[in-house]
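>>> structural data only, the sequence is not supplied:
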């Protein structure tokens with residue numbers, strides 16, 4: 001009987017030891033925070049994966065994700081600076097940087113965190129888009145908008161122990177009822193700008209052509225004037241030489257002879273090279289030695 005009681009006691013002790021031992025072990029998985037609570041208050045946080053210990057029955061454990069999380073925001077209307085409505089459908093990537101702050105401010109609730117994210121990100125998106133026109137939103141780059149929104153949020157989420165890693169838009173577009181009209185207006189504006197540039201280019205080209213034509217005309221006029229001056233100077237020099245030649249009696253006969261031969265050469269054209277001269281012809285006089 002005593003032996004049986006001892007065995008029962010031993011079994012109970014062993015069970016209690018197992019229960020106490022298992023309740024004192026804390027297993028922290030990869031990508032996980034373990035928050036050890038004592039009487040409801042957080043005593044310490046385990047950030048490294050592995051096995052640790054707590055006081056059984058007095059301390060309890062909550063867990064939080066230690067990894068990048070995705071939150072898909074609901075599509076919502078935003079108003080541009082020129083009072084045009086656009087549809088913004090986006091998502092964010094975030095993670096918990098301070099599990100103690102997160103637990104104290106959001107009661108360890110991912111849902112509470114997503115509610116805060118929804119409000120803060122939407123307000124930031126609304127503020128950024130309300131400062132630019134609809135055309136700037138359409139023609140802008142998604143990366144620039146994302147950077148502006150993240151910069152606008154700044155350290156707002158730090159009070160919750162949260163960091164915003166990325167903001168991405170799945171859709172940032174016009175409402176379906178006025179999308180076609182807006183695109184047509186933008187195309188018309190682009191056509192007007194292109195027509196203006198074309199007209200300015202044609203005008204500038206005509207100015208260059210007119211200037212070039214004027215410069216060519218002036219250059220040709222100068223060249224013709226210089227040519228006329230050279231011709232006049234050449235003729236004047238020619239007449240001067242003739243005058244000097246005829247003024248010298250010793251050269252008069254020679255130049256008369258040369259000029260007569262030139263005149264004879266000019267008169268001999270075609271296949272027939274025979275010339276008939278009268279005795280009193282100036283050319284004939286040359287051959288008579290007169």
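Sure thing, it's come through. Since we're looking at a predicted model, the values are computed, not measured.
>>> compute the number of surrounding residues for the residue nearest to residue 160 when sequence neighbours are not counted.
Nearest residue to residue 160, sequence neighbours excluded (Cβ to Cβ, 6 or more residues apart in numbering): residue 105, at 5.0 Å. C-beta here means a position set from N, CA and C on the backbone, and glycine is covered the same way. By other Cβ atoms under 10 Å, the residues close to residue 105 number 16.
>>> same check on residue 207?
10.
>>> what of residue 98?
Residue 98 - counted by other Cβ under 10 Å - has 17 other residues nearby.
>>> so for the helix or strand hosting residue 87, what's the average pLDDT?
Per DSSP states H and E: residue 87 is located in strand 85-96. When pLDDT is averaged along strand 85-96, the result is 91.
>>> can you give me the buried ones in the helix or strand just after it?
Remark: after strand 85-96, the chain's next helix or strand is helix 99-106, criterion DSSP H and E. Counting neighbours by 16 or more other Cβ atoms under 10 Å, one finds that the buried residues in helix 99-106 are 99, 102, 103, 105, 106.
>>> just list what the strand holding residue 87 packs against, helices and strands only.
The criterion is 3 or more Cβ pairs under 8 Å, 6 or more residues apart in numbering; DSSP states H and E, and the helices and strands that strand 85-96 contacts are strand 59-65, strand 69-72, strand 76-79, helix 110-129, strand 162-173.
>>> same list (these) but as JSON lines, adding mean pLDDT, distance to residue 206 and mean neighbour count.
What follows is the helices and strands packed on strand 85-96, written out as JSON lines (pLDDT from 0 to 100; distance: least, Cβ to Cβ, whole Å; neighbours: other Cβ atoms under 10 Å):
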{"stretch": "strand 59-65", "mean pLDDT": "86", "distance to residue 206": "70", "mean neighbour count": "16"}
{"stretch": "strand 69-72", "mean pLDDT": "95", "distance to residue 206": "59", "mean neighbour count": "14"}
{"stretch": "strand 76-79", "mean pLDDT": "86", "distance to residue 206": "46", "mean neighbour count": "14"}
{"stretch": "helix 110-129", "mean pLDDT": "93", "distance to residue 206": "44", "mean neighbour count": "17"}
{"stretch": "strand 162-173", "mean pLDDT": "88", "distance to residue 206": "43", "mean neighbour count": "16"}
